[in-house]
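Visitor: Predicted model and sequence follow; I will ask about them next.
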Amino acid sequence: MGRDGSSGSGAGDSLVRKVLLSYFYVGIWIFLSFSVIIYNKYILDPKMYNWPFPISLTMIHMGFCSSIAVLLVRGLRLVELPSSPPMTHELYISSVVPIGALYAFSLWFSNSAYIYLSVSFIQMLKALMPVAVYSISILLSKESFRRATMANMLSISFGVAIAAYGEARFDAWGVLLQLGAVAFEATRLVLIQILLSSKGIALNPITTLYYVAPCCLVFLTLPWAIVELPVLRGTSSFHFDFLVFGTNSLCAFALNLAVFLLVDRTSALTMNVAGVVKDWLLIAFSWSVIRDTVTTINLVGYGIAFLGVGYYNHIKLQALKAKETQKKTAPDDEEARNLIEEKEGKSESQV
């Protein structure tokens, strides 16, 4: 009886430890994601640090992440590149380059939006991500059309539209930039499934940055040379602040690691749910600390979108549970099938 009690206690302690670790990973991700968003807003906003060069900021991030990834992979050899399947030149061009290009434009447009829009309104617009992912998945034949799902997507869109209607600092160009960022990011997420996951290519955050970050840097070079370089040349008063941009880049790099840690130790769905919590925290911070105007119509609209996203996550969770149950019962079904075939074979031989 003592043994049973101790084993039950051990299982309970293990469960509590897992739950606490999950909350710890969620907390780290929320903190780093929160920090990067607020830090980027601080640097880019004309009313704060006033350095409105989003392409340059994105290139600084990618250059920093590329350098750290190359050091860990090639220099210190602490991280191994995937060998099955090997990353050939053809595979890199066909799979990594399109993802890198989409990631570059997604970061560029997303950072640009901070110049024109409030943090709270940007988070409300980001609620459209499930809508964009589902729509693009249908276009690329990755998902099948379902009326119930599309109705849910329309409810999210309706909520975001109400939030936009009530936005005090509405800027059409900023909204277009953020919607473009959502579209590029959604396409990137779908293509990761099509071009990488389907081919059995599994990348951790370091190897992802090793392959993708230099690609992003290359794709950003041309727009940077055309749009921002001439202005930077004419800004003689600017001096590169290593403390500000160094810590900002370090936060961006740490966020990439935190994303992998959270998804690897919990699930992608946990990150989606945690993302909703982070959005509400950012809206509260934007209203109380940065003093952005958050109207009642804003909150009503985002509340509707929030319910739609919550329902979407619930459906995804049910689908994942069903898939896990199917995996657990599959071996038993296979064993039963083998027994039936064996019996049928014996009866045929007796006849």
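Guide: That came in fine, so what should we check first?
Visitor: Helices of the stretch 251-351 of the chain, start to end?
Guide: 268-288, 296-350 (DSSP state H, counting those that start in this stretch).
Visitor: And for the chain?
Guide: Counting by DSSP state H, one finds helices in the chain at the ranges 2-44, 54-70, 89-91, 97-116, 119-125, 129-139, 147-165, 172-191, 205-223, 229-234, 242-265, 268-288, 296-350.
Visitor: Now the fifth one - C-alpha only, CSV.
Guide: So the one you mean is helix 119-125. Provided in CSV are the C-alpha atoms of helix 119-125 (Å, rounded to 0.1, in the frame of the first residue of the first chain):
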residue,chain,number,x,y,z
VAL,A,119,0.8,48.8,-30.6
SER,A,120,-2.7,47.9,-29.5
PHE,A,121,-4.2,48.3,-33.0
ILE,A,122,-1.4,46.3,-34.6
GLN,A,123,-2.2,43.4,-32.2
MET,A,124,-5.9,43.6,-33.2
LEU,A,125,-5.0,43.4,-36.9
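Visitor: What is that helix packed up against?
Guide: If you count contacts as 3 or more C-beta pairs under 8 Å, 6 or more residues apart in numbering; DSSP states H and E, helix 119-125 packs onto helix 2-44, helix 147-165, helix 172-191, helix 268-288, helix 296-350. Any C-beta I mention is one placed from the backbone N, CA and C, and that applies to glycine too.
Visitor: deepest of those, which one?
Guide: Ranked by mean neighbour count, the helices and strands packed on helix 119-125 are led by helix 172-191 with a mean of 19 (mean count of other C-beta atoms under 10 Å).
Visitor: Kindly calculate the angle that it makes with helix 268-288.
Guide: Per axes from the mean of the first three to the mean of the last three C-alpha atoms, to 10 degrees, the angle that helix 172-191 makes with helix 268-288 is 170 degrees.
Visitor: And the average pLDDT for helix 172-191 is what?
Guide: Mean pLDDT, helix 172-191: 95.
Visitor: Excluding its own residues, what touches that helix? List them.
Guide: With contact meaning C-beta atoms under 8 Å, 6 or more residues apart in numbering, helix 172-191 is reached by 98-99, 102-103, 105-110, 112-113, 115-117, 122, 125-126, 128-129, 132-133, 135-137, 140, 142, 164.
Visitor: buried subset of the residues you listed?
Guide: Buried members of these, counted by 16 or more other C-beta atoms under 10 Å: 98-99, 102-103, 105-110, 112-113, 115-117, 122, 125-126, 128-129, 132-133, 135-137, 164.
Visitor: Relative to residue 245, which of the helices and strands packed on helix 119-125 is closest?
Guide: helix 2-44 (7.9 Å; C-beta to C-beta).
Visitor: Distance to residue 83 added to the helices of the chain, as CSV?
Guide: Rendered in CSV, the data for these read as follows (distance: least, C-beta to C-beta, whole Å):
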stretch, distance to residue 83
helix 2-44, 28
helix 54-70, 17
helix 89-91, 13
helix 97-116, 20
helix 119-125, 40
helix 129-139, 30
helix 147-165, 38
helix 172-191, 23
helix 205-223, 11
helix 229-234, 40
helix 242-265, 19
helix 268-288, 25
helix 296-350, 26
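Visitor: I'd like the distance between residue 102 and residue 23.
Guide: 32 Å (C-beta to C-beta, to the nearest Å).
Visitor: do residue 187 as well
Guide: 32 Å.
Visitor: again with residue 317
Guide: Residue 317 is 18 Å from residue 23, by C-beta to C-beta.
Visitor: What of residue 243?
Guide: In terms of C-beta to C-beta, residue 243 sits 32 Å off from residue 23.
Visitor: ditto for residue 87
Guide: Counting by C-beta to C-beta - residue 87 and residue 23 are separated by 36 Å.
Visitor: show me where pLDDT drops low in the stretch 201-350 of the chain?
Guide: 236-238, 264, 267-269, 327-350 (pLDDT under 70).
Visitor: and if we set it to 90?
Guide: 201-206, 208, 232-241, 256-281, 286-293, 306, 309-350 (pLDDT under 90).
Visitor: Flag the shaky bits of the stretch 1-150 of the chain, pLDDT-wise.
Guide: 1-27, 29, 46-48, 50, 77-88, 91, 141-144.
Visitor: mind running it again at 50?
Guide: Regions of the stretch 1-150 of the chain meeting the criterion pLDDT under 50 are absent.
Visitor: Can you give me every residue that contacts the spatially most central residue of the chain?
Guide: Residue closest to the mean C-alpha point of the chain, counted by C-alpha atoms, centre = their mean, is residue 259 at 7.5 Å. Taking C-beta under 8 Å, 6+ apart, we find residue 259 in contact with 29, 205, 271.
Visitor: if I look at the nearest residue to residue 202 once chain neighbours are set aside, how far off is residue 265?
Guide: Nearest non-adjacent residue to residue 202, counting by C-beta to C-beta, 6 or more residues apart in numbering: residue 82, 6.3 Å away. Here residue 82 is placed at a distance of 20 Å from residue 265 (C-beta to C-beta).
Visitor: Repeat that for residue 119.
Guide: Residue 119 sits 28 Å away from residue 265, going by C-beta to C-beta.
Visitor: ok, those two, which is more surrounded?
Guide: Comparing residue 119 with residue 265 by neighbour count (other C-beta atoms under 10 Å), the higher total belongs to residue 119, at 24 against 14.
Visitor: My guess is that one contacts residue 282. True?
Guide: Yes - here residue 119 reaches residue 282: they are 5.6 Å apart, a contact under C-beta atoms under 8 Å.
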